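Trainee: here is a sequence with its predicted model. Questions after.
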Amino acid sequence: MAYSATADEHHDAHHDGPAPGLMRWVTTTNHKDLGTLYLWFSLIMFFVGGSMALVIRAELFQPGLSLVQPEFFNQMTTMHALIMIFGAVMPAFVGLANWLLPMMIGAPDMALPRVNNWGFWILPFAFTLLLSTLFMPGGAPALGWTMYPPLVLQTGEAFPFLILSIHLMGISSIMGAINIVATILNMRAPGMTLMKMPLFVWSWLITAYLLIAVMPVLAGAVTMLFTDKFFGTAFFSAAGGGDPVLFQHIFWFFGHPEVYILILPAFGIISHIIPAFCRKPLFGKASMVYAMAAIAFLSFIVWAHHMFTVGMPLAAALFFMFATMLIAVPTGVKIFNWLATMWRSAMTFETPMLFALGFVFMFTIGGLSGLMLAIVPADFQYHDSYFVVAHFHYVLVPGSVFAIMAGVYYWLPKWTGVMYSEVLGKLHFWLTTIFVNLTFFPMHFIGLAGMPRRIPDYALQFTTFNQMATVGAIGFGLSQLIFLYIVIRSVSRAGEKASDRVWEGSEGLEFEVPSPAPYHTFTTPPAVR
Amino acid sequence: MSTNRLKFAGAGLLAAFALLLSSSAMAAGWPPMNMPEGVTEISREVYGLHMMMLIICAVIGALVFIIMLASIILHRKSRGAEPAKWHESTSVEIIWTVIPFMILVAVAIPATATLVKMEDTSGAEMTVKITGYQWNWHYDYLDHDIEFFSNLDADSTRAYQLGSDLSPLDVEYYLLNVDEPMVIPTNTRVRLLLTAGDVIHAWWVPEFALKKDAIPGFINEMWVNVEEPGIYRGQCAELCGRGHAFMPVVVIAKEPAEFEAWVAERTDTE
């Protein structure tokens, strides 16, 4: 093309390394730099959101209000959820995608590098806006991350900032997703057919389509809230001919695929790590791909299981119950395939493998409690109780977060060129696992016994298990400082040098480049066997 | 070697965790940790469904964990395990697709039957309209000339405040008591109509296995037939603002004769 000659000349000057100084990070279009930025941003948000969780748990240590007022407590639950979902887990997966997808498919970079830069740099602004609401009159949003009207319309000054920050997060996600689809579909090395793609790539291809499909729906829903509040529309007000429940339908049409956006890349990561440390190929790769596709398809037709108590027609409740139960089938296939991979393999238990095994173990618990929640008559009891809190934290913390950590331990030596300390890594794993269970397992009990979620204070019979959960949460939070220390040590290149293959059983193109991975990889496509 | 030491440390910590969990639970005398069986035919059916699902899930979970642990113990490289060569089998995939599907069909049948019963609100002998407000409940007996608000009781209200001089531990039924409870007759099919005056609330009594949203501008229906006289307590279950934790539901079920006496007394004084 006409512009390519000049572009090449311009680029040649600093083709081999990053620009020096701080501007490197602001102007970078390099997928590895952006991956690093996403991952650091995610880690910072993980600690911000985590400290909010600790405020929640500290208040719930004993009955009676002891630290904060109920309105501040509600702000904490809302902000904790928004920050952990949109600020910690999603950017972590996008960061991993940025670092790994081009290397895994033998591409030199992402397809749309500038979009990539913009997609990341929107996020700090979005979250600055969101966090700034804590200092506004009336405080931060206090209505739960689900933003149900009419309660959401009672939000004070924070309201327009909430809507705007969600729009920004949505724009960032959509740009990231389009970039990922464009990269995977157009930039695979010759010979890398779709079914030869590694599973992390597959999981992200499916996730990206989910994102493109549902983020605009969320944008529409919050825009309707915005016009209801400021321009006199009545989409969600019965008094004006609208319907508050309509919002819930639209929100969960976004929300349920969103749940799988938070877990499908985790499936991908685990499907890399288990075979590597089992020294045996993944069992049933094709069926793993079909299972993810099936889960993604089903995610669009189960949304109303989040709202069985709104009062829907019997036929609708039955449809959503059956559709929801169906999800157990492909999810089961994934678990069984991982088990079959482990069976008659030669396992070793380095930190990434420990986190992966912890994932399979505890994601199974979360998945099974999800199956219980699908049963509508029983759901009338579980709904909006701590049982639900236990369920979704089991799939999000020992699920998604464990997978992210497993992935970081697995690929960190490739990124930094040094091995992390295995002793510290294992210590981190054991402490995290013990405390995560101490935090979330008792929540099943108090939920079944009748404790509603999102309450700052509770009746006396729930005290014991709440105290356990609080002790667990503090231990969990402190254990993550070990992780921070490990990452900082690795990034500052302290530790044994990692080999190019890093692990004995590692497979994939990303392990065929040197460790640390050079700034530019696969400028000429590799040969794919 | 350091890894070995860590393994022991890990196992030790796990044991300590188990000990802590059991000892603290013992010390306090086991607090409630399962769904109540409840006092209606429906609530017992719901409890049955819950226990059935719990057992099925526990068995499936146990199988998964046993296979995992067996692999971890038997097929580890340190014991000289050699990885097998196989890595796919269509027939195995079909088996573990079809068997879970059949289990699901088997549990869907009783779940559907119970749901159909719960949703059938016909044949009600009396009706109470329940309206949620920020932050109390309003009960309106459509067949009698009775209506009243039901607020959190004074002791709980005093005790929950930040820096209160009254400890929650000294309040009976802390946060689960109201100034004026709802009263219904036993062995009577009572229809409950739910709505709200401001934002969405949810009316929940675990002993009845009833929870439904109270939505402003819309009316939801439920029905209950309580068999045992008694006092049943629940809470608002949908986040409704700062007072969400402080709008409990208390229902007193009385023998029909006593209920009639209560109605007569209420209509006299008003």
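Mentor: Alright, I've got the coordinates.

Trainee: per-residue confidence at B:Phe8?
Mentor: pLDDT recorded at B:Phe8 is 55.

Trainee: tell me, what residue is most central in chain A?
Mentor: In chain A, the residue lying closest to the centroid (CA atoms, centre = their mean) is A:Val89, at 3.0 Å.

Trainee: helix/strand/coil for that residue?
Mentor: For A:Val89, the secondary-structure state derived from DSSP: H, G, I helix; E, B strand; the rest coil is helix.

Trainee: which residues touch it?
Mentor: A:Val89 is in contact with A:42, A:262, A:396, A:400-401, A:404, counting by CB atoms under 8 Å, 6 or more residues apart in numbering or on different chains. Where you see a C-beta, it was placed from the backbone N, CA and C, and this is true even at glycine.

Trainee: so which two of those residues are the farthest from each other?
Mentor: Largest separation among the contacts of A:Val89 by CB to CB: A:Ser42 and A:Leu396, giving 13.8 Å.

Trainee: flag every residue of the stretch 51-200 of chain A that's near chain B.
Mentor: A:62-71, A:74, A:142-144, A:148, A:150-151, A:154 (CB under 8 Å from any CB of the partner chain).

Trainee: any idea which helix is longest in chain A?
Mentor: As assigned by DSSP state H, the longest helix anywhere in chain A is helix A:199-230.

Trainee: so for it, mean pLDDT?
Mentor: Summarised as a single mean, pLDDT over helix A:199-230 is 97.

Trainee: who does that helix touch, helix- and strand-wise?
Mentor: Judged by 3 or more CB pairs under 8 Å, 6 or more residues apart in numbering or on different chains; DSSP states H and E, the packing partners of helix A:199-230 are helix A:90-105, helix A:158-186, helix A:244-261, helix A:264-278, helix A:285-298.

Trainee: mind putting those into JSON lines with mean neighbour count and mean pLDDT?
Mentor: Compiled in JSON lines, these are given as follows (neighbours: other CB atoms under 10 Å in any protein chain shown; pLDDT from 0 to 100):
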{"stretch": "helix A:90-105", "mean neighbour count": "27", "mean pLDDT": "97"}
{"stretch": "helix A:158-186", "mean neighbour count": "21", "mean pLDDT": "97"}
{"stretch": "helix A:244-261", "mean neighbour count": "22", "mean pLDDT": "96"}
{"stretch": "helix A:264-278", "mean neighbour count": "27", "mean pLDDT": "97"}
{"stretch": "helix A:285-298", "mean neighbour count": "19", "mean pLDDT": "96"}
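
Trainee: so which of those is nearest A:Asp379?
Mentor: helix A:244-261 (14.0 Å).

Trainee: what is the neighbour count of residue 47?
Mentor: Just going to use chain A. For A:Phe47, the neighbour count with other CB atoms under 10 Å in any protein chain shown is 15.

Trainee: oops, chain B please
Mentor: The burial count assigned to B:Tyr47 is 19, neighbours taken as other CB under 10 Å.

Trainee: what strand or helix carries it?
Mentor: Assigned by DSSP states H and E, B:Tyr47 belongs to helix B:41-74.

Trainee: what stretches of chain B score poorly on pLDDT?
Mentor: For chain B, applying pLDDT under 70 flags the ranges B:1-29, B:269-270.

Trainee: quickly list the domain ranges of it.
Mentor: B:35-68+B:94-120, B:126-269 (automatic domain parsing).

Trainee: which of these has the highest mean neighbour count?
Mentor: Each of the domains of chain B was scored by mean neighbour count; the highest is domain B:126-269, a mean of 19, by mean count of other CB atoms under 10 Å in any protein chain shown.

Trainee: phi, psi for A:Phe135 please.
Mentor: Backbone torsions of A:Phe135, given as degrees, to the nearest 10, read phi -100, psi 10.

Trainee: now it: how far from A:Phe161?
Mentor: 11 Å (CB to CB, to the nearest Å).

Trainee: and what of A:Lys32?
Mentor: Note on A:Lys32: its distance to A:Phe161, by CB to CB, is 33 Å.

Trainee: whichever strand or helix holds B:Lys212 pairs with which strands?
Mentor: Taking DSSP H and E as the criterion, B:Lys212 maps to strand B:210-214. Partner strands and pairing direction for strand B:210-214 (DSSP bridges) are strand B:201-205 (antiparallel).

Trainee: pull out the CA atoms of the partner strand and give them to me as CSV.
Mentor: In CSV, the C-alpha atoms belonging to strand B:201-205 read as follows (Å, rounded to 0.1, in the frame of the first residue of the first chain):
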residue,chain,number,x,y,z
HIS,B,201,-38.4,-4.7,48.0
ALA,B,202,-38.8,-8.5,48.5
TRP,B,203,-40.9,-10.2,51.1
TRP,B,204,-39.2,-13.4,52.5
VAL,B,205,-40.2,-15.8,55.2
